[in-house]
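Asker: I'd like to go over a predicted model; first the sequence, then the structure.
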Amino acid sequence: MMRRRTRQAVATVAALASALLLATGCGVTRGDQSRDLTMLIPNSPGGGYDQTGRAAVAVMENGDITGGSFEVTNVIGAGGSVAMTRLMNAEGDERTLMTAGLGVVGSLYSFGAPYSMDDATPLAQLIEDQEGVLVPADSPYETIDDLVQAWRDDPASIVVGGGSSPGGPDHLFPMQLASTVDIDPRDVSYVPYDGGGPLTSALLGNKIDVGFSGVGEFEGQLSSGELRLLAVSGEERLKGEGISDAPTLTEAGIDLVFTNWRGVWAPPGISDERRDELIGMLEEMHETPEWQQALEDNGWIDEFKTGDEFTQFLREQDERVATTLEELDLL
Amino acid sequence: MDNLSLLMDGFGSVLTPQNLLFACIGVLLGTFVGVLPGIGPAMAVALLLPVTYGLDPIGAFIMFAGIYYGGMYGGSTTSILLNTPGESASVMTALEGNLMARAGRASQALATAAIGSFIAGTIGTLLVVFFAPALASVAVEIGAPSYFALMVLAMIMVTSVLGGSPLRGFIALFLGLTIGLVGLDLNTGQPRLSFDQPLLADRIDVVVVAVGIFALGEALWVAAHLRRSPLHVIPVGRPWMDRTDFKRSWGPWLRGTAYGFPFGALPAGGAEIPTFLSYLTEKRIAKRKGVDEFGKGAIEGVAGPEAANNASAAGTFVPLLALGLPVTATSAVMLAALQGYGIEPGPGLMTDQPELVWALLASLLIGNALLLVLNLPLAPVWAKLLRIPRPQLYAGILFFAALGAYAANLQAFDLLLLVLLGLLGLAMRRFGLPVLPLILGVILGPLMELRLREAMAISGGEVSGLWSEPLAVVIYVVVAIAVAAPLALRRVRPAPSDVAEELDIPAVEEEKVR
């Protein structure tokens, strides 16, 4: 890049250029160029996929795991379908990767994309995140049982809110929960909010009866007791004040485990050797203390699966999303 | 009074020469990045946030405050000079601001924007200091029915900007509402008017519409007449605001603040509605006074919306600090920043970490004041930009408009949209359709739909859910009076001149906005 102490005009251009570089989100450093990789991120900088993808890239670059550097490109649009289209079009490209997850699986259906996530080359699942069932402090529902009972009696009377649009994790979770406890998902009144902030204010103002969302965003309200966590969606309880008391759904006698997860893909049509090589790199990354630190900093659960196991998981997830959306007549 | 002394302590810890230097750097950097097309305050703050890491918390705060206000003001600068608003909140500023600039009053427009931002930001921050916790608990009680009622009020008021020919005005409004429909239906996930094009399923960015219709449409219109009309050079104009300018700006500054702050403090208030209401209020007041320059570059039309925008931004600190709720893109970035500095916003903040909060609020006040000090002298310098000969100036505007549209999402597709919208803007000018109702349709339509659907979903489809909140009822009463009163008046005393004004049917043809 340009150095300082140049004339003002040059400084202007440099600032413009660097701002644009920052804006496009590419951080290119020199190395063995033949080993450089591109990481596609299917949403905007700062979003969930972006955090996970960039954390993985940082660990791999610092540990020199790939032998080259990464270019991170945010491909924004249609809940990840645009990025997926780019990945599918890069058939056989052995130097492109993409970070994606459950939300993109749903978006491919909502946006009518002609392919599913297992049509590309699934490499590894990196993390998972638990969802929670949240109610305001003065809610009549003290336990998940209270809620389910009232919900069964009159499904339409319970207004459910979530931080994602149809097909996203916060929408799929209440629908699958409803289905599990024998409520017709079509009877669920779901109100989509634009992320955790607006959802919290709807809960605090008693505008909705119950919220479904990732637990991490509500730690402040949960520890201060303004919101109550009735249950978490994963296999184990979470830690934290006002959080660790909440049972898992299975503990509460509801046969459902639901997690939001993220992983890494390569384009379709790459050689088996390259696939194994890339999986090896991700495995190496997973073993580093830096990655374990990243998991802890972000509150992610370490759930690592690779290759065929991940592909199998993906197919199950895809089917489950399709079933849920079908039950809702959204397909 | 207690809060006041705590605030003074905050000033005490913040005011050192070194910190002031950080604040100056922050303001300059923020203005500089904010001026770049397509980069609104949220993006400017996000881009420059890393600069503040590595400083001690107080130094970081004050630099951050500078960046924040600088970024906001930088956005207004491009709206006024180039007619390319970087976010939906500065669309109203662009309207009269750019007209003023082209009439040779760019310095005054920039100055009234800077002073208005300062006054609104200061009043807003002081209100946060004294009332944040109390306001926050009231604000979460206001839900979708009240927001929908506000949208109804805004829609009623849109009729007053339809221009000389109501038919043309409605055509433009419905074009805007149609553009606002494009994209995925948030409630059911079904694509609307997207023609199987996944990029259209994401909704069309208001910034792309505004830049396409305003900047590109205008540039094409000028280009189409370049050879036929005599060369019109933008007059140089005076560099400073004179006494009349001040006299005309005071009212709008204060009224804009009064509109902006409550909306900012509401969890879903935003800055679009208050800037729009402020613009309309000023237009009406000007007309009543008989000095209506709206449509020709009225300083009131810049002063009011700019103040409303900044007061609303200050207001977003209420839910942010008191509840830990980010309600706009900018405040989401800010929340991340505060957490990075070791502040955990939320109910306990004011009691747990008072010294940090007061230092932050003091920093905001100082950043705001420095913005004024640094940018006021710069206004005439920026204004000189417009003395570039017209072909080159418009070429530059086209370049920056395209860059801005591309930078928003990094999609080449947006450039295509931009060109199509530019052609639409050209056609609208050719056929005398006012462009303002179109933009308002694009902004208000989706907001109104969102609130209506949310209110209906919460009430389980019962229409009565729409008036289930006291505030909603109050607003509907206001709407009813606003609609009924002129009709009743006309019956009692059919004096055509007054009635036409009250009914928002402007009689003069030049009313149409560009």
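Answerer: That came in fine, so what should we check first? All figures in this text were calculated on a predicted structure; none of them were measured in a lab.
Asker: quick one: buried residues of stretch B:388-399?
Answerer: Residues B:390, B:393-394, B:397-398 are the ones in stretch B:388-399 that count as buried (16 or more other CB atoms under 10 Å in any protein chain shown). C-betas here are computed from N, CA, C, even on glycine.
Asker: got any ranges where chain A has weak pLDDT?
Answerer: Per-residue confidence for chain A (pLDDT under 70) gives these ranges: A:1-34, A:44-47, A:331.
Asker: what are the ranges of the strands in it?
Answerer: A:37-41, A:70-74, A:96-101, A:121-136, A:159-162, A:189-192, A:210-214, A:227-232, A:259-266, A:301-306 (DSSP state E).
Asker: on that earlier part again, can you add distance to chain A and secondary structure and give the buried residues of stretch B:388-399 back as TSV?
Answerer: As requested, the buried residues of stretch B:388-399 are arranged in TSV below (distance: CB to the nearest CB, whole Å; DSSP: H, G, I helix; E, B strand; the rest coil):
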residue	distance to chain A	secondary structure
B:390	23	helix
B:393	18	helix
B:394	20	helix
B:397	16	helix
B:398	17	helix
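Asker: which one of the residues you listed sits closest to residue B:159?
Answerer: In terms of CB to CB, no member of these lies closer to residue B:159 than residue B:397, at 31.1 Å.
Asker: so who does that closest one touch?
Answerer: For residue B:397, the contacting residues are B:82-84, B:215, B:219, by CB atoms under 8 Å, 6 or more residues apart in numbering or on different chains.
Asker: For residue A:324, which non-adjacent residue is closest in space?
Answerer: Excluding the flanking residues, the one nearest residue A:324 by CB to CB, 6 or more residues apart in numbering or on different chains is residue A:175, at 5.0 Å.
Asker: for that neighbour, what are its contacts?
Answerer: For residue A:175, the contact set (CB under 8 Å, 6+ apart) comprises A:185, A:188, A:190, A:324, A:327-328.
Asker: quick one on the thing from earlier: return the member of the buried residues of stretch B:388-399 nearest to residue B:487.
Answerer: residue B:397 (44.3 Å).
Asker: Number of residues surrounding residue 51?
Answerer: I'll assume chain A. By other CB atoms under 10 Å in any protein chain shown, the residues close to residue A:51 number 19.
Asker: Actually, chain B is the one I wanted.
Answerer: Residues contacting residue B:51 under the criterion other CB under 10 Å number 17.
Asker: Please apply the same query to the one 10 residues further on.
Answerer: Neighbour count for residue B:61, taken as other CB under 10 Å: 32.
Asker: wait, what's in contact with it?
Answerer: B:14, B:341, B:359-360, B:363.
Asker: Which of these fall within helices?
Answerer: Taking DSSP state H as the definition of helices, the contacts of residue B:61 contribute B:14, B:359-360, B:363.
Asker: which of those residues are close to chain A?
Answerer: Restricting the ones in helices among the contacts of residue B:61 to those touching chain A (CB under 8 Å from any CB of the partner chain) yields no residues.
Asker: Lowest-confidence one in the residues you listed?
Answerer: The pLDDT minimum for those sits at residue B:14, where the score is 78.
Asker: Run a quick neighbour tally on it.
Answerer: One way to gauge burial is a neighbour count; for residue B:14, by other CB under 10 Å, it gives 25.
Asker: Need the nearest residue in space to it, chain neighbours excluded.
Answerer: With sequence-adjacent residues excluded and distances taken as CB to CB, 6+ apart, residue B:14 is closest to residue B:362, at 4.7 Å.
Asker: helix, strand or coil for the residue nearest to the spatial centre of chain B?
Answerer: Among the residues of chain B, the smallest C-alpha distance to the mean C-alpha position (CA atoms, centre = their mean) belongs to residue B:89, namely 2.1 Å. In three-state terms, and counting by DSSP: H, G, I helix; E, B strand; the rest coil, residue B:89 is helix.
Asker: got a list of what the closest residue to it other than its chain neighbours touches?
Answerer: If you skip the residues right next to it in sequence, residue B:89 has residue B:271 as its closest partner in space, 3.7 Å away by CB to CB, 6+ apart. Listed by CB under 8 Å, 6+ apart, the contact set of residue B:271 reads B:88-89, B:260, B:263-264, B:308-309, B:312-313, B:328.
Asker: any idea which of these is closest to residue A:145?
Answerer: Of all the contacts of residue B:271, the one sitting nearest residue A:145 is residue B:328; the distance, using CB to CB, is 38.1 Å.
Asker: which non-adjacent residue is nearest that closest one?
Answerer: residue B:316 (5.6 Å).
Asker: how many neighbours does residue A:268 have?
Answerer: For residue A:268, the neighbour count with other CB under 10 Å is 17.
Asker: OK, contacts around it?
Answerer: With contact taken as CB under 8 Å, 6+ apart, residue A:268 is in contact with A:88, A:91-92, A:119-121.
Asker: tell me which parts of the stretch 201-331 of chain A are close to chain B?
Answerer: The interface of the stretch 201-331 of chain A toward chain B, taken as CB under 8 Å from any CB, is made up of A:201-202, A:204-205, A:207-208, A:220-221, A:224, A:226, A:330.
Asker: What segments of chain A are helices?
Answerer: Counting by DSSP H, the helices of chain A are A:8-24, A:48-62, A:81-89, A:102-110, A:144-153, A:169-180, A:196-204, A:219-223, A:272-287, A:289-298, A:307-327.
Asker: mind listing what the closest residue to residue A:292 other than its chain neighbours touches?
Answerer: Using CB to CB, 6+ apart and skipping the chain neighbours, the partner closest in space to residue A:292 is residue A:302 (7.3 Å). Residues in contact with residue A:302, defined by CB under 8 Å, 6+ apart, are A:127, A:292, A:295.
Asker: Kindly provide the distance from residue A:302 to residue B:5.
Answerer: Look at residue A:302 and residue B:5: by CB to CB, to the nearest Å, they are 49 Å apart.
Asker: same deal with residue B:438?
Answerer: Note on residue B:438: its distance to residue B:5, by CB to CB, is 51 Å.
Asker: Likewise for residue B:316?
Answerer: Residue B:316 sits 26 Å away from residue B:5, going by CB to CB.
Asker: Compare the two and say which one has the larger neighbour count.
Answerer: Neighbour totals were compared for residue B:316 and residue B:5, and residue B:316 leads with 28 against 10 (other CB under 10 Å).
Asker: Residues of the stretch 51-200 of chain B that sit close to chain A?
Answerer: If contacts are counted using CB under 8 Å from any CB, the residues of the stretch 51-200 of chain B sitting beside chain A are B:139-144, B:184, B:186-191, B:196, B:198-199.
Asker: Filter those residues down to just the ones in strands.
Answerer: B:184, B:191.
Asker: Which ones among the residues of the stretch 51-200 of chain B next to chain A lie within helices?
Answerer: Among those, DSSP H puts B:139, B:144 in helices.
Asker: Quick check: the two most widely separated of the residues of the stretch 51-200 of chain B next to chain A?
Answerer: Comparing all pairs in these by CB to CB, the longest separation belongs to B:141 and B:196, at 42.5 Å.
Asker: Looking at the two, which one has more neighbours?
Answerer: Just comparing residue B:141 and residue B:196: by other CB under 10 Å the higher neighbour count belongs to residue B:141, 16 against 9.
Asker: Please name the residues that touch that one.
Answerer: Contacts of residue B:141 were listed using CB under 8 Å, 6+ apart, and they are A:205, B:469.
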